[in-house]
Structure formats: structure tokens, C-alpha cells
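Q: The sequence isn't on hand, but the structure is:
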């Protein structure tokens, strides 16, 4: 079925798992709702989507940014920092913030729902989420 990890991601504290439906149930969302996928490298990114030619340089260079690609996959490349070391063990994981849908972050709530809690030297702290950009073939639109 899959484990749910609670960890400090490159942006904020979040739940991570290979099972998207499990993360959605945990947060009280519809089970088939799309979830961000974090990938450990640009090579793994290529397995899930094709980056529009116009934005390839930006995707390679930007950090802590989520892109919604033309195939409607939301992906963020995490290839640096402490979180990337954890992510490299899996290649990719679904990721969502560690709070109930529409609610604010509570460490106790998140701790009770995770199967494994990973704490590195940074600890666990709530921070602003990553910006999200929708990439078309020619245009980029800021969503968050």
C-alpha cells in the first residue's frame, strides 16, 4: 500500500509517499485529486513529461519552483540540499503539505498521521509553499 513519510522538503514540511490516493485520504481530499510529484533529477523528470523547448533553461536552473506541464503533471525537481538526499533513494515521490485540506499546519496532527517521521538538522517547520507556474508551449502563467 505504501508508507507516508513526514519530512522537511525543500520548501515546507510535507507528507511524501508513492501512493497518491493515500495522501489524499489522509488530508481529506477526493482520492483521485492530482498531487505534486517531486523528482530527484532532470533525467527522472523526462520520464513523466516533456518540457516545452522555450522553458528548458528555466526548468534546469530554477530552485523551489513547481511547474504544471502541458500534460497536467505538477512536478518539482529537487536536486540539491538535504531533502534531495532522501528523495534520491526513491527517484520520485508524491508530495503534499502536512496539514488538513483548508487548515493550518499542526505538528501534532501531522506526526500522528505519518508512518515514518524524518527529521534532519533543519528540524520540521512550516514555510511558504513553492510558487506554481503553468507552462504552455509558448506562455507561462503564475498559478500560486
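A: Alright, I've got the coordinates. Nothing here was measured: the structure is a model prediction, and the numbers come from that model.
Q: switch to C-alpha atoms for all contacts and neighbour counts from now on
A: Fine.
Q: Quick one: neighbours of residue 15, just the number.
A: 29 (other CA atoms under 10 Å).
Q: ditto for residue 130
A: 16.
Q: which ones are touching it?
A: Applying CA atoms under 8 Å, 6 or more residues apart in numbering to residue 130 gives the contacts 11, 64, 65, 66, 144.
Q: Helices of the chain, residue ranges please.
A: Per DSSP state H, the chain carries helices over the ranges 20-27, 42-48, 56-61, 81-88, 107-113.
Q: TSV for these, including distance to residue 140?
A: Below are those laid out as TSV (distance: least, CA to CA, whole Å):
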stretch	distance to residue 140
helix 20-27	26
helix 42-48	18
helix 56-61	11
helix 81-88	26
helix 107-113	34
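Q: I'd like these laid out as CSV, including distance to residue 127, mean pLDDT and mean neighbour count.
A: As requested, the helices of the chain are exported to CSV (distance: least, CA to CA, whole Å; pLDDT from 0 to 100; neighbours: other CA atoms under 10 Å):
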stretch, distance to residue 127, mean pLDDT, mean neighbour count
helix 20-27, 18, 93, 20
helix 42-48, 25, 96, 13
helix 56-61, 22, 95, 11
helix 81-88, 15, 91, 16
helix 107-113, 13, 90, 14
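Q: got a list of what the residue nearest the centre of the chain touches?
A: Nearest to the mean C-alpha position of the chain, by CA atoms, centre = their mean, lies residue 95 at 3.7 Å. By CA under 8 Å, 6+ apart, the contact set of residue 95 is 14, 15, 16, 17, 35, 36, 37, 38.
Q: and the gap between the closest residue in space to residue 87 that isn't next to it in sequence and residue 76?
A: Of all residues not flanking residue 87 in the chain, residue 40 sits nearest, at 5.8 Å (CA to CA, 6 or more residues apart in numbering). Distance from residue 40 to residue 76, counting by CA to CA, to the nearest Å: 9 Å.
Q: Could you do residue 23 as well?
A: Counting by CA to CA - residue 23 and residue 76 are separated by 17 Å.
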